[in-house]
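S.K.: Sequence plus the predicted model coming up.
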Amino acid sequence: MKPPLLCDTPPGTTALAAVYGMPAHADRALAVDEVHAGPHLLIQAPRGLLQLAFMTEGDPAKDQAALTELSRRFGIAETDNLSRLHGLAWEEGDLHCEKHTEFSTYLWSAVLDPETGAPCGENPFKRGFVPPGPVMSGIRLNVLPWTETTEQEVDRFDPVSLCYSVVENGTAAIVTDFRQDANGLTNILVLDRGLTQARAGALVQRLLEIETYRTLALLALPMTRSMAVDLRRMESQLAVITDEMRTGKGARRDNDVLLGELTSLAAELEAGVAANLYRFGASRAYYEIVEERLHALAEESVAGYCTWRDFLNRRIAPAMRTCQSVKERQAKLSDKLTRAIALLRSWIDVELERQNRDLLESMNNRAKLQLRLQQTVEGLSVAAISYYVVSLLAYLLKGIPGVHDKVAPELVVAGLVPVVVLAIWWTVRRIRHAHGDPAGEDKAS
């Protein structure tokens, strides 16, 4: 009898709108069902599994198209392809699709043919299968009974990178070399010696996740290497600019030019940080998952062989440290650029204050010159106005009858000249003070 596809979900785990007759929290359903979001297969040896991980960038339409095509090919009624987990089952096998943030995994499980050792039934990834995206990882995993005959399968792996350890308290052995075969698949062998179907399914899921997530974790490595070149270039440019600022060589150039170069460097760096922020965070999260799954294996080493944990720690950990070091270099370079820009802006502000001071002094000198010119003009205007007033008074006196008999008009006009001059001077002074600073007028008075 064929084993069930997935571990049976305990009844009542799906949260209802009410609990014990009372309204439930709106998000309770998601919180309760999360522990059952990734059920593992129930596996009984011998069984073969083939898993492919496709980069879908979180587009559900791509998975829906692929699953719809598979349903039509195998004559299976279509179900809700938009759910996170989706399974298809036919007579000789079953397919499980699990959708993640940026990728989806398609796992085909079938009984192994005892004669050929190949999975029975039709391969769903053949006959014109349209992948939902580019393949990121491919895994072929066989679960066999642990016998002297099946133990000889270990010799088929590359001895240079062979990882062989015992898990599940000695009831299983896991073998791989992390090499890619002619089809680009990583081969994994599980030797079963008394595992229950549930424990075998949990172990298989853990191994598949280790291989899938360790590949995804290293996606940041090629990007990191190219970024290291750009960071080295930007660090060199920053060193040249700061050296000009330190030695004064940049004095021959406008500070605005230096500020423009620093701002351009900062913008380029921040654009790179923003573009790669998700990949760095995702790679770190994937690596932590790999570490958790390796720790959960609780491997027991086999004499003469390397464990999965030791091998991957030697190979992946340095790469992740490289990614972390580049990320830290980005942060440090951003701080240096910020400080350099702040320093240069301070210099520019000081220069602007110096220019403003010189401008104010120049304006003060011009105001003094204008004041002297104004005083000169005022003196001339008093003389001119006095001349015209005295002339009018002379004409007035000459026109009055009888003045010539009593006194000569010339003498009267001569006596009026100082009076007129003083009166006009006093009038002009009052007008000037009326249009001037009140505080200055108070001081003058």
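M.R.: Yep, it's here.
S.K.: Report the secondary structure state of Pro131.
M.R.: What DSSP: H, G, I helix; E, B strand; the rest coil gives for Pro131 is coil.
S.K.: Next, count neighbours for it.
M.R.: 15 (other C-beta atoms under 10 Å). For the C-beta atoms, the positions are set from N, CA and C on the backbone; glycine is no exception.
S.K.: cool, and Trp347?
M.R.: 14.
S.K.: Now do the same contact list for it.
M.R.: Residues in contact with Trp347 (C-beta atoms under 8 Å, 6 or more residues apart in numbering) are Met245, Asn255.
S.K.: In what element of secondary structure is Ala26 found?
M.R.: Per DSSP states H and E, Ala26 falls between elements, in no helix or strand.
S.K.: Where does the prediction get shaky in this protein?
M.R.: 1-16, 37-38, 79-82, 248-253, 402-406, 409, 435-445 (pLDDT under 70).
S.K.: out of all of them, which helix in it is the longest?
M.R.: Scanning the chain for the helix with the most residues, using DSSP state H, yields helix 308-399.
S.K.: quick one: that helix to chain centroid distance?
M.R.: Helix 308-399 sits 36 Å away from the centroid of its parent chain (C-alpha atoms, centre = their mean, to the nearest Å).
S.K.: same thing with stretch 272-284?
M.R.: The answer for stretch 272-284 is 6 Å, by C-alpha atoms, centre = their mean.
S.K.: same thing with stretch 36-53?
M.R.: The answer for stretch 36-53 is 35 Å, by C-alpha atoms, centre = their mean.
S.K.: Buried ones in the strand or helix carrying Ala29, by neighbour count?
M.R.: For Ala29, the host element (DSSP H and E) is helix 28-33. Across helix 28-33, burial judged by 16 or more other C-beta atoms under 10 Å covers Val32.
S.K.: and what of stretch 377-389?
M.R.: Buried, per 16+ other C-beta under 10 Å, within stretch 377-389: Val382, Ile385, Ser386, Val389.
S.K.: can you list those residues in JSON lines and add distance to Arg140?
M.R.: As requested, these are exported to JSON lines (distance: C-beta to C-beta, whole Å):
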{"residue": "Val382", "distance to Arg140": "112"}
{"residue": "Ile385", "distance to Arg140": "114"}
{"residue": "Ser386", "distance to Arg140": "118"}
{"residue": "Val389", "distance to Arg140": "119"}
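S.K.: Which of these sits closest to Leu218?
M.R.: Taking C-beta to C-beta as the measure, Leu218 lies nearest Val382 of these, at 94.4 Å.
S.K.: check contacts around Val421.
M.R.: By C-beta under 8 Å, 6+ apart, the residues touching Val421 are Val382, Ala383, Ser386.
S.K.: Off-centre distance for the top strand by length along the chain?
M.R.: Secondary structure of the chain read by DSSP state E shows that its longest strand is strand 135-145. Distance, stretch centre to chain centre, for strand 135-145: 34 Å (C-alpha atoms, centre = their mean).
S.K.: and for it, what are the contacting residues?
M.R.: With contacts defined as C-beta under 8 Å, 6+ apart, strand 135-145 is touched by 43, 45-55, 103, 112, 117, 150, 153, 181, 183-193, 200, 204, 207-208, 211-212, 215-216, 219.
S.K.: Swap in 7 Å and give it another go.
M.R.: For strand 135-145, contacts defined as C-beta atoms under 7 Å, 6 or more residues apart in numbering pick out 43, 45-55, 103, 112, 150, 153, 184-192, 200, 204, 207-208, 211-212, 215-216.
S.K.: Just the helices from the chain, written as ranges.
M.R.: For the chain, applying DSSP H gives helices covering 28-33, 60-74, 148-151, 197-217, 220-247, 255-297, 308-399, 403-406, 409-434, 438-444.
S.K.: between the ones you listed, which gets nearest to Pro124?
M.R.: Taking these one by one with C-beta to C-beta, helix 60-74 is closest: 5.7 Å.
S.K.: Which secondary structure elements does the closest one sit against?
M.R.: Applying 3 or more C-beta pairs under 7 Å, 6 or more residues apart in numbering; DSSP states H and E, we find helix 60-74 packed against strand 85-90, strand 93-99.
S.K.: Report the angle between the longest strand of the chain and helix 197-217.
M.R.: Note on geometry: by axes from the mean of the first three to the mean of the last three C-alpha atoms, to 10 degrees, strand 135-145 and helix 197-217 are set 150 degrees apart in direction.
S.K.: Buried residues in strand 135-145, which are they?
M.R.: By neighbour count with 16+ other C-beta under 10 Å, strand 135-145 contains the buried residues Met136, Ser137, Gly138, Ile139, Arg140, Leu141, Asn142, Val143, Leu144.
S.K.: what lines up beside it in the sheet?
M.R.: Take DSSP bridges as the rule and strand 135-145 pairs in its sheet with strand 47-55 (antiparallel), strand 186-192 (parallel).
S.K.: Distance to Tyr278 and mean neighbour count for those - can I get that in TSV?
M.R.: Below are the strands paired with strand 135-145 laid out as TSV (distance: least, C-beta to C-beta, whole Å; neighbours: other C-beta atoms under 10 Å):
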stretch	distance to Tyr278	mean neighbour count
strand 47-55	13	22
strand 186-192	26	23
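S.K.: want to throw the ones you listed into TSV with distance to Ser283?
M.R.: TSV is the format used below for those (distance: least, C-beta to C-beta, whole Å):
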stretch	distance to Ser283
strand 47-55	14
strand 186-192	19
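S.K.: Go through those strands and name the closest to Leu67.
M.R.: The nearest among these, by C-beta to C-beta, is strand 47-55 at 11.8 Å.
S.K.: quick one on the thing from earlier: any idea how far the helix holding Ala29 is from the middle of the chain?
M.R.: On C-alpha atoms, centre = their mean, the centre of helix 28-33 falls 30 Å from that of its chain.
S.K.: Same check on stretch 307-316?
M.R.: Averaging C-alpha positions (C-alpha atoms, centre = their mean) puts stretch 307-316 30 Å from its chain's average.
S.K.: What of stretch 207-219?
M.R.: Counting by C-alpha atoms, centre = their mean, stretch 207-219 comes out at 23 Å from the chain centroid.
S.K.: Look up how far Val377 lies from Val420.
M.R.: Relative to Val377, Val420 is positioned 19 Å away (C-beta to C-beta, to the nearest Å).
S.K.: If anything else comes up later, I'll come back, but that's it for now.
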